Structures are given as C-alpha cells and as structure tokens.
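J.: Sequence plus predicted model, see below.
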Amino acid sequence: MTGAESADRTGRPIRVGLDVGGTKIDAVAVSPSGDILGRLRRSAGWGDDAVVESIVMAVTALIDETGLSLADVGSVGIGIPGLVDVETGRVDHAVNLGVKSLDLATRASQALGVPFRVENDVKAAALGAAVLNGVAGSMAYLNLGTGVAAGIVIDGRIWRGSRGTAGEVGHISVDPHGRLCGCGQRGCVETFCGGGALAKAWGRPGALPVRDILDAADGGDPIALALRDDLYRGAAAAVRVLVLSADVETVVIGGGLTALGGRLEDGIRAALHAGAEASPFMRSLRLDERIELLAAGSPAAAFGAALVGASVSEKEIVTHG
C-alpha cells in the first residue's frame, strides 16, 4: 500500500514507526511520499504497563516535535523483540523488556485512538532496509547484535515461511562440538558472531567487548585472534546459509556490531572469499560481493515499522511463501 492510498483510506496521511529495544525507542514520522518528517529517541519502559506507556509517550512526543497533531496520524507500527502474533498484535517473551505476554496493539490503540500493528523488530528492520536501500528483488537483513537473527524481504514483502521463522539463522548449528548456546544446542551461528556470546567467551570487563576483542587481536592477543576469527567465520556462515537457502541477491548487515564499521565488513568479506577458494561453485556465487553494511545511524528499523503499520491486511505483509 502506498502512502497516498493510506491517506485515502484513513484521511490521515502520516505513518509513525517505532523501533522498541531493550533500553530505547527510536521513533519516526513518515509522509505519504516516504519522507521522514521527524525522528526522536526515548527510553523504553520495563514491564507491560511501562512498555505501553513509553510507546504512547514516544508517539505524542514525536507528533509534538514535528508540529503535527494526533489527527494527522493514520497508523502506528511497532517493531519489537520477541515472538509476535502479527494478526492480533500480541507480543510474547520480550524478555529484555520484562514482557511475558502483552496485547500491545490493542492497548496502545485504546490509549491513542490510532490503529497499531506490531511486528518482530528484525523483520521490520529488514523491510525498512530493503526500501531505504532501493532493493527491488530479494534481500536478507542479517542483524548482528547481542544475538543473531535475520529477516527476508522478497519484492517488497516480508517472507515468513510456514511458521514465521524464515531467516532465523542464529540457531543453525555449524559446529556440534562448539560452545553451548542459550537455545541448548552447541556451535550455533550465534555462539560465533553474537555479541553476547563473544563477550562471555572474552570474559574481560569493558563497555564494548567486541571492539576490545578486535583491538586486542590487532595487538596479537591469541584469545582475541581466535574470537575475531570466530566473529568473521560465523557471520560468513550466516551469509552463506541465507544465500544458499533463499537465494537472496543481497545481504544487508545491521545491528549493534556494525559500529565496528569497515573492520567488520572487511573481515566478513575476507572470510567469505577464503571459504570459497576451494569450491568453483561457491566462487561463482560471489558472496563477498553481495553483502553491504547498513549505514551508521540508519532509521531502517523504525522506518520499516512505519511501513508495517500502514498495511491494513495480511496481503501487504506476507505470512507464507
């Protein structure tokens, strides 16, 4: 659905998108033509009531800052971690927000009188990255943060698979003798390139453990060198899985670890190149040329949530392939 169609249907042209994380909410207001009219960040609440209240406050603060009124807002989309029922707007197991089960869309809509839709945060970010990066065909969004997850967008639509887990590469085991993962398996992709797993394996205090690992590796620390190799090889494995299973043309890498910038991108490219050296088939896929990092400070997650909010039926957000 285009912004113009949304305005025709609701009489309210503005779409609001919220990316709700464990500590912050990134909010954007989007015009019918897709321009970002305003953006702000606010702290996120903890527990059901506080999460709803912080979302309501983020929307009201955003419209105040942009000189709009609530009457201008046609929809609000929310990207949030956890297991999301996109039909009902309920989110379960958002542990970083203290939420066990919350009818988020219903409660937020009752508070503001505006239609809400809720989506998993990584899937919303995938949709936003595809639109902002101008990807017309197929794309995977690989989120490298505390954990590892991915979303797949095909022809401008989120592809979920039969049970909503399409693209969830973080818990594919690539080494049955590897480190124990929080999911109970060993050697999952996340144990190699998830920020939380790397920080645990590093075991030294620091505000940015993965950056500390790379700095120490540059200095020759043997433990850091091994963990740096894990990071690059694990992320490369995730890229291979996404391309080989879904044949996406592009893998956009986002998440907190992208703060590492060129060191991360160059390392993943090198690992992909090295992994393909012995295989003419893998070389033909040119995986090292099919990745790109999301720009620093990109509003992709909140922008994708705004697009999610604008859809009024499951025809706009595909539930299966």
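T.: Nice, I can see it. Fair warning: this is a prediction, and the values are worked out from it, not measured in the lab. Numbering: from 1, shown residues only.
J.: doesn't residue 122 make contact with residue 21?
T.: No: with contact defined as Cβ atoms under 8 Å, residue 21 does not reach residue 122; the gap is 11.4 Å. Where C-beta positions appear, they are placed from N, C-alpha and C, glycine not excepted.
J.: you'd agree residue 28 is in a strand?
T.: Yes: assessed with DSSP: H, G, I helix; E, B strand; the rest coil, residue 28 lies in a strand.
J.: what's the neighbour count on it?
T.: Other residues within reach of residue 28, judged by other Cβ atoms under 10 Å, total 25.
J.: same deal with residue 97?
T.: Residue 97 has 24 neighbours, counted by other Cβ under 10 Å.
J.: Let me see the backbone angles for it.
T.: Note on residue 97: its backbone torsions stand at phi -110, psi 0 [degrees, to the nearest 10].
J.: Distance check, it against residue 292.
T.: 30 Å (Cβ to Cβ, to the nearest Å).
J.: With adjacent residues omitted, what lies nearest to residue 43?
T.: Nearest non-adjacent residue to residue 43, counting by Cβ to Cβ, 6 or more residues apart in numbering: residue 24, 6.0 Å away.
J.: Find the residue ranges of this structure scoring beneath the pLDDT cut-off.
T.: Within the chain, the stretches with pLDDT under 70 are 1-11, 312-321.
J.: Any idea which residue is closest to the centre of it?
T.: The structure's the chain has its C-alpha centroid closest to residue 122; by Cα atoms, centre = their mean the separation is 2.7 Å.
J.: pretty sure that residue contacts residue 153?
T.: No: in terms of Cβ under 8 Å, residue 122 does not count as a neighbour of residue 153; the distance is 11.2 Å.
J.: Can you pull the residues that touch both of the two?
T.: residue 141 (Cβ atoms under 8 Å, 6 or more residues apart in numbering).
J.: before we move on, back to that, so the residue nearest to residue 43 versus residue 38, what's the distance?
T.: When residue 24 is compared with residue 38 (using Cβ to Cβ), they lie 16 Å apart.
J.: Same check on residue 135?
T.: 25 Å.
J.: With residue 290 instead?
T.: Taken as Cβ to Cβ, the span from residue 290 to residue 38 is 34 Å.
J.: Extract the CA atoms of the strand or helix carrying the residue nearest to the centre of the chain and return them as PDB.
T.: Following DSSP states H and E, one finds residue 122 within helix 121-132. C-alpha atoms of helix 121-132 as PDB (Å, rounded to 0.1, in the frame of the first residue of the first chain):
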ATOM      1  CA  ASP A 121      11.900  -5.900  15.200                       C
ATOM      2  CA  VAL A 122      14.300  -7.700  12.900                       C
ATOM      3  CA  LYS A 123      11.600  -8.400  10.300                       C
ATOM      4  CA  ALA A 124      10.600  -4.700  10.500                       C
ATOM      5  CA  ALA A 125      14.200  -3.700  10.100                       C
ATOM      6  CA  ALA A 126      14.500  -6.000   7.000                       C
ATOM      7  CA  LEU A 127      11.600  -4.300   5.300                       C
ATOM      8  CA  GLY A 128      12.900  -0.800   6.100                       C
ATOM      9  CA  ALA A 129      16.400  -1.700   4.900                       C
ATOM     10  CA  ALA A 130      15.000  -3.000   1.600                       C
ATOM     11  CA  VAL A 131      13.000   0.100   0.900                       C
ATOM     12  CA  LEU A 132      15.700   2.600   2.100                       C
END
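J.: Contacts for it, please.
T.: Residues from elsewhere that reach helix 121-132 (Cβ under 8 Å, 6+ apart): 17, 19-21, 34, 77, 79-81, 135, 139-141, 143, 149-153, 156, 158, 160, 167, 252, 254, 294, 298-308.
J.: Repeat that for stretch 93-111.
T.: By Cβ under 8 Å, 6+ apart, the surrounding residues in contact with stretch 93-111 are 20-22, 44-48, 50-52, 55-56, 76, 78, 80-83, 88-92, 115-118.
J.: Can you tell me how far residue 298 is from residue 248?
T.: 19 Å.
J.: Neighbour count: these two, which is higher?
T.: residue 248 (24 against 18).
J.: residues in contact with that one?
T.: Neighbouring residues of residue 248 by Cβ under 8 Å, 6+ apart: 138, 139, 140, 152, 242.
J.: separation between it and residue 284?
T.: Using Cβ to Cβ, we find residue 248 at a distance of 16 Å from residue 284.
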